Structure formats: C-alpha cells, structure tokens
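# Okay, sequence plus prediction incoming.
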Amino acid sequence: MGTGERNREAHVPEGSGGAAAPRTLAEALRARGDDGLAALLRARPDLLSPVPNDLTQLATRAGTRASVVRALERLDRFALQTAEALAVAPDPAPYEVLLGLLTGDEGDATIEAALPRAVELLREQALVWGDDERLRLVRTARELLAPSPQHPSPTGLGPTVAEATSGMSPTRLQEIIATAGLGSTHDPVSAVTVLTELFTDRRRMGELLDTAPSDALTVLDRLVWGPPYGEVTANPAPPVRWLRDRGLLLPASPRTVVLPREVALHLRAGRAHRTPEPLPPAVAELRTYRPQVVDSAAAGQAHRALATVEELLREWNEGGPAVLRAGGLSVRDLKRTATALDLSEPETAFWVELAYGAGLLASDGEADERYAPTPDADTWLELPPATRWARLATAWLTATRTPGLVGGQDAKGRALSALGPELDRGVAPEVRHRVLTLQGTLTPGTSADPESVLARLQWDRPLRGTAQSGADLRARIATWTLTEAEHLGITGRGALSTHARVLLGLDTTGPTAPVAPLTPAELTARAALAAEAIAPLLPEPVDHVLLQADLTAVAPGPLERPLAEMLAVLADVESKGGATVYRFTAASVRRALDAGQTASDLHAFLAAHSRTPVPQPLAYLVDDVARKHGHLRIGAASAYVRCDDDAVLGEILADKRSATLRLRRLAPTVLAAQTDPATLLEGLRSMGYAPAGESAEGDVLITRAHAHRTPPRSAPAPVPDGPPTPDATLLGAAVRAIRAGDLASTVERKEAPQAPPHAPGELPRTSPADTLATVQAAAMTGSAIWIGYVNADGAASQRVIAPVRVEGGFVTAYDHTADEVRTYPLHRITGVAELADGAV
Amino acid sequence: MNGPLIVQSDKTLLLEVDHEQAEACRRAIAPFAELERAPEHIHTYRVTPLGLWNARAAGHDAEQVVDALVEYSRYPVPHALLVDVAETMARYGRLTLAKHPTHGLVLTTTDRPVLEEILRSKKVQPLVGARLDADSVAVHPSERGQIKQTLLKLGWPAEDLAGYVDGEAHRIDLAEDGWALRPYQKQAVDGFWHGGSGVVVLPCGAGKTLVGAGAMAQAKATTLILVTNTVSARQWKHELVKRTSLTEDEIGEYSGTKKEIRPVTIATYQVLTTKRKGVYPHLELFDSRDWGLIVYDEVHLLPAPVFKFTADLQARRRLGLTATLVREDGRESDVFSLIGPKRFDAPWKEIEAQGYIAPADCVEVRVNLTDSERLAYATAETEEKYRFCATTATKRKVTEALVKKFAGQQTLVIGQYIDQLDELGEHLDAPVIKGETSNAQREKLFDAFRNGEISVLVVSKVANFSIDLPEATVAIQVSGTFGSRQEEAQRLGRVLRPKADGHQAHFYSVVARDTIDQDFAAHRQRFLAEQGYAYRIVDADELLAGS
C-alpha cells in the first residue's frame, strides 16, 4: 500500500456516516478523552517517539506497519482472534457480525461475555475504530491478518467469492451460477452477488450440499479448517469437478483451487476459529503448603544465594578469570568456577550473571582484562543479610540479561558465553514479572503448575513467540524464571514467598490479580520492605564452632564474618549448606601460620570460639606444624637455604629429590640454590619440610592474599525491548502537546483576509495533510510550488521547487532556488503555496 | 526451627548428638541414611541412592523421608534435595524380578520406557532371555545376582520378589544356658531375617559369631559358613558347639587339610579360591548341598572371585558379618548389591556405653628419629621408605618401655615386618607368631596366653582376624599394612573384649615423626576417629622420661 492510500485513512473521509460517527481514525481519536489518548500511548509507547504534532500525525503513525505489527504482537489470544475475525469480516462490520464469526451459529455465552473487553482493548490500542454499528480494523492490520495466497490467514479461511472471481471471465461465471441452480444475470457483479447470497444462506446452501456426492464432501472436509488451497490436475476427479462447477471451489491459479470464505464459513457453522479461546487458561495449583513452610524454605534458599555470591566474590577476590576478546567468560573458566563453587555450570552462569547484574562484579578494564569484584562489592558485603538479598532480588527482577542462554548459540552459530555480549533479551523483565505475578494469583503457600503458567503466557502473547528469534524464547525465559526464582529464594517449594509478594507489591494475605511492573522508585521502596520481611527468617550468624577429635570443626550455622574468614584460612571446607564442616590438616594450619598467625594465636582462637574443649590431637597438630614452621628459611635475593641445624641441610643435600634444586652448601648452616625461591620452596615442601620465605632483613615473609578490585563501576543498565512505558507525567505532557497541536491544525479559522502568499519574510503555513496533498499534486502535474522550509539548524528559508517524487516522508524535487535536485523531509516543510501561473 | 539435624547441600546430614531430640531424629533418619562418621559432638550421615532404595525396599516412601528431614532440620531443607530424594525413590520398583511358572524368572516393568532403556544397555543384553510381552522379559535364573547388580549401576534398581529357597531343613537351636543373646544381637538377627539377606556390622568383640548362630537358629536349615582362615574356622566350630544344639559331628570343616561336608560346613575363602588348571575345583561346594543359609564372616575381606560365585546364589539367604565395612578397594557397593544391604549397624561407642565392649584408651606415640636415622631415611628408595621408618630402632625402645609400664597385663605387640618382630621378640623375651608358625604351635601359644602363662605375645598380621584372646588388655602396634583403616580397627578389636574386672583397655600405636609412617597412621586412624575413638598423641620422650 502506498503512503497516499494510508493517509486517506488518516484524514480523507470515507463514506457518509451519521453525524456522530467518526469518519477517520484521526476523528475517532479526536473524540476520545485525554484518558483514552493516554491509554493508547501507554499501550503503544513507540507512538511517542518523537511526540506527534497532532492527532492526524498520531493516527498516521498508528497505522504504520512497524507499529501495527508491534501492537498485534502484544495482543492476547482472544483479542488477536477478534482482530483476525474482523479481518475476514466485511469492512466495516457491525458488532453482531463479529460476534457471529466468533461464536458460530450456535452462540456461546462465554464468548459473548468476553467479546466487549476484546473489542474495547482493540479500540484502546487504535487497531479498531468506529462505533459498534461499523467496526473497522485499521487497514494495515487488516492486510497483515487477512488471508492472501502468500501468507495464509491464521483462521484458515480463503478469499471471498468476489475476490476469488475477480479475474474470471463473465461467461465462466454465468456457467457457474447456472450449474448452482441460479438464473443467469446480466453482468458479472450481480452474478457474484447472487452466488454470495446463495453461499451465505444456510438453508439453500444446505440443500445444495445435500445433493453433493459424498466424495465431494470429503474434499470439502479436507479444506474447511485450512489451508483452503488445494492442488488439482488439468483434468480433475469428478468430485472436485462437481464442486468447481458450482463455484464451491474457485480457481486460484491454473493448478490450484481455493475454498471461498463464505463456503468455509457455512461448513464451519459460521465460526472463524476452530477453537476460540475467550478466557485465559487458569493457573493450576500444584501443591499447597503452609505459608510459613514456603517462607522458611525460600529464606533458606535466600541464605544459600547470599552464601554462593559471597563465595563467588571470594573466589575471584584476587582477580578472576580473563575477559575473552569478544567479551565474556571462557567455557573453561566457567567450568573452573563451577567446580570451585561445587555447582552445575548453568547454575554457576546464573550466579555470575546475577553478581554482574547487581554491579558486584565487572571487568577491570586493564590491558590484560580480568573480571574482579567492584568496590561496590565491598560495600555490599558490609550490608545486613536481608538488604544484601533485596539488592540481588531487585537486580534480578529488572535485568534483561538471561543467563539461561549461556552455552547456546546465537543466530550466527557463535557460542554465547556468560558475561558476554548478546545475552540481553528485552522481554526478560516482562516475562519474569508476568510469571511471578501469575503465581501471585494463587493463595499464599500454593505452588503453581509450571505447564499451566506456560500455557497462560502463550495465551497472553500468542504472536510473540514466533516473531522473535528463537521460537519459544518467552517459554524458555519463563522456565528459567521458575528455576531462578527458586535459587534466589523468591519462591520456596515452588510457591511465591511472602517477602517476594512484598517485593512485587502484591497482597501478602490472599490471591492478588496481576499488577503492573513497578517503577524503579517504587521498586527501591518495596525492596526495603521486602528486606524487613525476610530479615527474621534468615538464620542468625553463630559465633562458635564445635571441634571434634577427628580434626573437624562444625559451624552449626552461618558464621560471623571475621570468624568465617579466619577459619577459611586455618582449615579446609569439607561440606557446605546450613552448616559448614571444616577439616584441619597440616597444610591448612601451615597456611594460617604463613598468613602471620602464631601457634599461640591459633590456640587462643580455637579456645575462644569452641563450645567444647579443644581436642588434644588438634592442639597437637597446631604445635607440631608450628614447631616445624619456619624451621627452614629461604632468601629471595640469591635463593639460599639457611638452617641453624646443619644436619637438616646435610639431609637435604643427601636427598636425591633435591637434585633438581641444584643446591650447594655455602656454610654449615646455609645452602644456596640455582633455582628461583618459589621453585625452591615448593621443592623443599614436597620433600616434607616446612620452609619459610625470608626477606632481605632476615624476617619471615608473610604471604597473604591481596584483594583485587575494578575501578568504580556501575551496574549495567537493563536493555529494554523498545521504548520504556511512559510514566504519568510524560503521558500527560504528551497528550496536552498533541491536543494543542491538533487544535492548532484543525480549529475553524475565521476566513482571514487572503494575505499574499509570498509576503516578504513570512513563511507559508499549511497543515501537514495539505502540504502532502499539494506536493503530491505538484509531482503529478510536474508544476512548481513555493515552500517554506526549516533546515536542520533551525534556519527558515523559502524555496521554489518542482517535486519529482514523494515517498517515505521525503520530497525529491528540482530546487529552482538552488538550481539542483534536492531531497526535503516533509516534516520540515512549514507550508506550501501554488505559484501564480508563469511565475517560473 | 531448632531441630538437631542440619542438611547439607552435598547430601550429608549433620546430627547434633547432645540435642534432646537427637535420639528420635536418629531413629527417623536411620532407615535411609548411612552413618558415616560418629565423633563426639556431631554425627554425619549420608543420603545415597542405595540407602534410599533400601528404605523403599523396607517399605518406607519418599513422603516419610521428606517428612523426617523437614521435621528435624534446623534450617530449611534445600528444595532441590527434596526433589532429588523423591525422584530417586521413584526409580525403585519400576522394575520387578518375580518367579514365573513357565519362564522361571521374569523382569517386569510398570514403566515401559525404562524397560526399553535398560534392554538397550550392552551390559543387560547378555543377561536376559526372550521378550515375553511389551512389559516383561525373561531372565536366566542364574543371572539373578548379575542383573540386579547391573540394574543398580544403571540407576534402575529392581525389586526382587522372587524370594528364597528354604534349603534342606536341619534343626538348630540356641543353647541359651546361663547366657542369652544381647539386645543388639537380637535386633541384628531380626533385622537380617526380615530383610531376607544382608550385612550386619558390629564392632570387634561385640559377638558377631553369635549373630551368625542366631541367624542359623532362625533358618533351621543346612548352613555354609565362609571364614578367612583355618584358625577362625576352628573357633567358629568351637563356639557353635558351645552355643547351639549342634554337635561336633554335625559341623564339617572344609579347608586345605580337611574336606568334610556336613549339615553345617565351615569353609575358608582360601580353599574356595584355589585355582587349578584355570578352574576353581572347590566351587562345587556351593552346590554340594541344598544350603538354606550362607554366612560370610569378615565380609570386608571377601575375595573378588567369591563375589562372582555369590552372584549365582541369589536364591539363598545370605548373611554378611563385619566390623568395618570399609574396603580399601572401594567395592563396598558390590558387597551391598550381592550379599544385601546393611541390615544392622551400631556405632562402637554405643555398644561400649552398654558395657559390651571395653572402653579403650587410644594413644599415638610419636618417636623422633635420630639424626643418622633421618639421613638414612632421606636417602632410602621410595618403596623402602615406609619399611625403614616403621622399623627404626627408636621404636623398639619405646615398645620396651611400654611393655615394662604394663608389666603383668596381657600385652600384644603387633607388627608388619618379621625382622622387626623377631628382634622385638628377642628383646622382650616373648614368643613370636608369624606366617610360618604351625597351627598347632599357634593354638598352643594362644592357650598359654589365655591362661596367663605368658603375658606378652608378638604377632604378625596373620593374627589380624578372628583369634579370640579374651584377656588382652594392651595392644602395641609398631607397624602396619600402610594406611589400612580396617586393619587398625581389627587391631583395636583385639583389646575390646570386655574385661573381667571391667577396666580400660590400652591401644598404642608407635609412629615415627615427620615420615610417611605418620601420614599412614593418620589415614589408618581415620575410621576409628570417625567412630569416636579420640587418639591422644604423646611424644616418645615424655613417655620414656615418665617411665
């Protein structure tokens, strides 16, 4: 369809309706209240960028293909089915006809009840306009949804008799109506009319079909629910010929026939859809727990989430894995991190992305780029656990990053890596919110059946799945959401927890109808409330451990941070969960001594934090390692081994394993090595000694972990899909602006005294619609016109041009003023005036 | 929210033993969780698929397991773990093995895809016969054990409903004159009998032989008993004659020297696994009678070929007895799948608390090597290192000091290396029992030790198992089979038989400091430490100075 045609819908009156009935979409919009306009702009925020000048422009924009496709994609299944039914109905169609197409001849109370809502929704979105007597589907939508040979209609209906017979010879048409038992008519138009009348008359049509051979009915059965096209040979079988002779099948091309829409509707008892779905599928209950059980299970998971993220930050504390050149984490590094956290790789990807999304991890931006905790991570670690959780939960709710994609491939077959680019999916926050609020429609403590949630999502946006890359992206995100919500402690045992209800702004006492996503400010406020709700459920940190004679320590709950940090150095973690089991080994005690602790420090530490007496074997272990620790000292400068006990040095020299270290005795108590100190240290350790490094001054070197941080980093902003939903202020302003512009362009002016069009210095003013019409007319006649023009810098000028082409919002014209062919955007032309004959 | 149990994400359960609900919790989780460690404050249980399936086999369902975890848990139980428990338990019983009047043994499924899946496995194919219908397939009756084991490994355990043969009846009663089965022994016998087959784990000295006798009295059928060696066979016979209605003539010995087959026959593993010209000539023993019960003594030592024979004996009741079901070869799961699941297990310390085994004081004595010894140790070849540090002269001095300290008490000195033992025997003026000592000589020396005629006995590892030395109060271990945990437990078992005067037993392990001897010792002690035996560590110098 050309630009001109679409614009006619916007501003050229069609037909002669009643005085009250709007004649164009623009008029229909004009008749709406401000609320109605605001609702349209909220539902279709793409119409707002940039803010349209007036309602005509708004109507034009609302009719563009891109915008209509976008709007259709966001319809729920029944609204879409309603639109599809309108697309196969006459234009305009009365409400009753539409209802008939949806319910069929038998009628259906449910559909009757649901239809007004669907029509209202389509009206609100400016996809349908006109009153109930004459409902019109916006032309672009009609084109998208109506059947055509190129893309079959979702209804499975074919073209109407009139459309299908448009190229047919009048003789053939007369033959058909004669065979169908109708008298001949004087012209093709009336022939089509009588044929259509026959097909739409249920009684006569029934009689006609009663005479049909049974094979012919089988053929019809195959085509009735679509696709309506069938291939035929040059000499078709008798049943097909019987149908074709009576116009029940019409030729679509030399080798194909089509079942006309009217016939199909008769066979379907008037229904446009095989299964109309007027009601959303209910979210099914899976199991019901006491809400306390759900909350405590969710809080348990929340605790685990915090522990996991903390562990991840600790793991990357001294500088995490390198950043791939294309961005993101290599598969090997992800695997390594997964092993370190003792989790599966997909789950690790989730936590890594979550920490990144919450601004706790980032790339350090140095030459050899690595991931590391941000300075913000240190601040986060100091927060109370409940606040820490709320921060993770809000980051997750609004994130567009979808860790579930990690490990898959993009459209070009490249692997998608965690933290890499290409992981942002604009629909993610919306789907996530939808899944959670759908769970919120159940009684607190009840878990939802995932299948029914997916079915509901499919009903919500039936077109979305197929339009996007990845046929089932929404379903996949929904599935991930369910798992991730469980990991994060948003849900417990599959049911939405109280703190999550608080976070989402739902009622905590009963089922809540889905609410709109919160604005960032509301979310922050809600996060604080959610933190309060979850705080009492999170386990209290404990300040003690139980030491046992098998050299283990059990912390019967989360440990206070300083205690946990010290124990992590002094012992190896053996088992994690609600409690932590530590095991003391000679190596772990040595690590603590290396970090600068002394044996007496360790004894005091163990005695202070143990509920039970320190077992003798543990005390002995500490003393035994301490006794040997630092017994041997190694210098970095010249790589030497020094020991007061010359027998030890003799022992080392005699040991064959020391050969690789190339040791040489310098003095009775000093050995020099040809290897670097690190190798030497390792070598001697592997021989069973506990050497210590020595500084130039002869002190023992203390090896302790150095924290590595990125420069200050802010969390990545979500990448939403399309423009954000405008807030009330913006909407109000936009509506006022459009109204004002519209008033200016449509107000009945007093017939001003005809000022000379080329009054010096004054730009001509015409409405955009007039401008377009004049320019198009000039292009057709090849005449020159005079325009007022504002260039990109805002400078106004007047030019005389001869338009050559008008398309896509631009005029290509020979500019008499500049003496060359130029292109002008239409919206920059303030006005046009025709030139007096012979002026050029 | 303040239960005694903490559920960890690695599927271990930590039970706080001092908690008031600890006992109730222990009872609730025992059917499905394995006790892994039992030190003083927190006991560790582990939830394994095998344990869950055994619980299913014993009639528990996933709901009960989940309830037990949720009820006693201090913190919320991870949802994933609960789901996993339910899913694992749901895998049990989809396949059943049952008797069929015409096809013998039939494997039936309630879930057709599972049957399809397992029939596609190369390991299952040779074990099954014709497909009978969509849901069942014939199984060669001789492969009953194999197929159960294979299915277990594939993660689809079969429920065995084929039952047991009664065997040839033979009257056996317990002669409870002046003694009775202890409560835990009774529980063990009942647990075994109701389960059909399985393993009973009891500490050394807690009377496993009597559990065997009790099981025989239940079965009242001909019985084959498999033991580790001839000495042990004689002791079984002696004990059975004393404790049951059986007479000497009803009990046969099937060993290297005698080949008697009687209603109750005691055979050694060694004779069964003797191979001549590529065949096991003594295997027919299993078929020589219609045995109603087969008892495996010291099941943790079961040699690999016996596993294979056992697979063919699935229709007979099987009882495994052991003190420590830790195998250094990691084949514990084969024991469970072929003999049967663990039917009874009691922590050592619990039996000790009931007074049926003596309390023991475990001490590790750390010996410093002299400078020259250290130098020699450092230059020793890798394979010689352990032998060198385990047999140092310094150890001898410590051993002598210890023997002197406990003079008058029945003392065993146990070691690995014959040279070391000979030398010790010489210095301590004590007889040495080793591999080359004849059985007659061994029994003579044991009798003398029992009667108190000699108070110090030096023994090699030949005496590791099933010798009954009632009055040994002190054991001194100078060297061992590297890091063997079960050897350590067996050796401690030598002194755990309750003392007449109820006094404490002493177990000393002499270890060379800063050598691999010390590493091995740490590994050896792990099992006992996990059973709650806290080793004290003392320096040899202190000990020598104190004596």
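Noted; the coordinates are in hand. Numbers count the residues shown, from 1 in each chain, chains lettered A, B, ... in the order given.

# Residue 131 - nearest residue in space that isn't next to it in sequence?
Assuming you mean chain A. Excluding its sequence neighbours, the residue lying closest to A:Asp131 (C-beta to C-beta, 6 or more residues apart in numbering or on different chains) is A:Ala21, at 5.6 Å. For glycine as for every other residue, the C-beta is placed from the backbone atoms N, C-alpha and C.

# Oops, wrong one, chain B.
That would be B:Val137: by C-beta to C-beta, 6+ apart, it lies 5.0 Å from B:Arg131.

# Which strands and helices lie in contact with the one helix or strand that neighbour maps to?
Assignment of secondary structure by DSSP states H and E places B:Val137 within strand B:136-139. Packing partners of strand B:136-139 (3 or more C-beta pairs under 8 Å, 6 or more residues apart in numbering or on different chains; DSSP states H and E): strand B:104-109, helix B:112-119, strand B:128-133.

# Let me have those in JSON lines, extended by mean neighbour count.
Output for the helices and strands packed on strand B:136-139, formatted as JSON lines (neighbours: other C-beta atoms under 10 Å in any protein chain shown):
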{"stretch": "strand B:104-109", "mean neighbour count": "21"}
{"stretch": "helix B:112-119", "mean neighbour count": "15"}
{"stretch": "strand B:128-133", "mean neighbour count": "12"}
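
# quick one, which of these is nearest to B:Ala500?
B:Ala500 lies closest, by C-beta to C-beta, to one member of those: strand B:104-109, at 53.1 Å.

# Is it correct that B:Ile537 falls within a strand?
Yes: membership of B:Ile537 in a strand is supported by DSSP: H, G, I helix; E, B strand; the rest coil.

# so what's the residue nearest to B:Arg131 up against?
B:106-107, B:115, B:119, B:128-131 (C-beta atoms under 8 Å, 6 or more residues apart in numbering or on different chains).

# confidence score at it?
Here the pLDDT value assigned to B:Val137 is 91.

# What of B:Pro126?
On pLDDT, B:Pro126 comes in at 86.

# Tell me, how many residues neighbour it?
For B:Pro126, the neighbour count with other C-beta atoms under 10 Å in any protein chain shown is 11.

# go on, B:Arg74?
Look at B:Arg74: counted by other C-beta under 10 Å, it has 20 neighbours.

# Do I have it right that it meets A:Pro556?
Yes: with contact defined as C-beta atoms under 8 Å, B:Arg74 counts as touching A:Pro556 (7.4 Å).

# what touches both of the two?
The contact sets of B:Arg74 and A:Pro556 overlap at B:Ile6 (C-beta under 8 Å, 6+ apart).

# hang on, B:Arg327 packs against B:Ser333?
No: using C-beta under 8 Å, B:Arg327 makes no contact with B:Ser333, being 9.6 Å away.

# ok, those two, which is more surrounded?
Counted by other C-beta under 10 Å, B:Arg327 and B:Ser333 do not tie: B:Arg327 has more neighbours, with 18 against 14.

# Quick one: residues contacting the residue found closest to the more buried one once you drop the neighbours it is linked to in the chain.
Spatial nearest neighbour of B:Arg327, chain neighbours left out: B:His300 (5.4 Å); criterion: C-beta to C-beta, 6+ apart. With contacts defined as C-beta under 8 Å, 6+ apart, B:His300 is in contact with B:322-327, B:335, B:486.

# Go again with 7 Å.
B:322, B:324-327, B:486 (C-beta atoms under 7 Å, 6 or more residues apart in numbering or on different chains).

# did I read that right, it in a strand?
No: read with three-state DSSP, B:His300 is helix and lies in no strand.

# Next one, pLDDT for it please.
Looking at B:His300, its pLDDT reads 82.

# do the same with the one 4 residues further on
Predicted confidence (pLDDT) at B:Ala304: the value is 78.

# how far away is it from B:Ala311?
B:Ala304 is 12 Å from B:Ala311, where distance means C-beta to C-beta, to the nearest Å.

# Pick out whichever of these two has more residues nearby.
Using other C-beta under 10 Å, the more surrounded residue of B:Ala304 and B:Ala311 is B:Ala311, with 19 against 10.

# Pull up the gap between the more buried one and chain A, please.
B:Ala311 sits at a distance of 35 Å from chain A (criterion: C-beta to the nearest C-beta, to the nearest Å).

# From what I see, that residue and B:Lys148 are in contact.
No: applying C-beta atoms under 7 Å as the test, B:Ala311 and B:Lys148 come out as separate, 8.5 Å apart.

# ok, back up a step: of the contacts of B:Val137, closest to chain A?
Using C-beta to the nearest C-beta, B:Leu115 comes nearest to chain A of the contacts of B:Val137, at 26.4 Å.

# contacting residues for the nearest residue to the closest one once chain neighbours are set aside?
Excluding its sequence neighbours, the residue lying closest to B:Leu115 (C-beta to C-beta, 6+ apart) is B:Thr109, at 4.0 Å. Counting by C-beta under 7 Å, 6+ apart, B:Thr109 makes contact with B:94-95, B:115, B:135.

# Give me the neighbour count for B:Gln525.
26.

# Quick one, grab the pLDDT at it.
Note on B:Gln525: pLDDT of 87.

# what about B:Leu321, which SS state?
Taken by three-state DSSP, the conformation at B:Leu321 corresponds to strand.

# gap between the residue nearest to B:Leu115 and chain A?
Distance of B:Thr109 to chain A, given as C-beta to the nearest C-beta: 26 Å.

# Can you name the residues of the stretch 401-547 of chain B that neighbour chain A?
Within the stretch 401-547 of chain B, the positions adjacent to chain A are B:514, B:529-530, B:534-537 by C-beta under 7 Å from any C-beta of the partner chain.

# Name the member of those with the most neighbours.
Most surrounded of these: other C-beta under 10 Å gives B:Ala529, at 25 neighbours.

# Surely that residue is in contact with A:Arg583?
No: in this structure, B:Ala529 is not within contact of A:Arg583 by C-beta under 7 Å, at 11.4 Å.

# In terms of pLDDT, where does the closest residue in space to B:Val241 that isn't next to it in sequence sit?
In space, B:Val241 comes closest to B:Glu248 once its chain neighbours are excluded; the distance is 5.8 Å by C-beta to C-beta, 6+ apart. Note on B:Glu248: pLDDT of 90.

# ok, how many other residues are close to B:Glu248?
Counted by other C-beta under 10 Å, the residues lying close to B:Glu248 total 11.

# residue contacts, A:Gln301?
A:486-489, A:492, B:79.

# Oops, could you answer that again for A:Val806 instead?
Here A:Val806 is in contact with A:775-776, A:779 (criterion: C-beta under 7 Å, 6+ apart).

# Same question for B:Ala376.
Applying C-beta under 7 Å, 6+ apart to B:Ala376 gives the contacts B:Phe388.

# Roughly how far does it sit from A:Gly359?
B:Ala376 sits 62 Å away from A:Gly359 when distances are taken as C-beta to C-beta.
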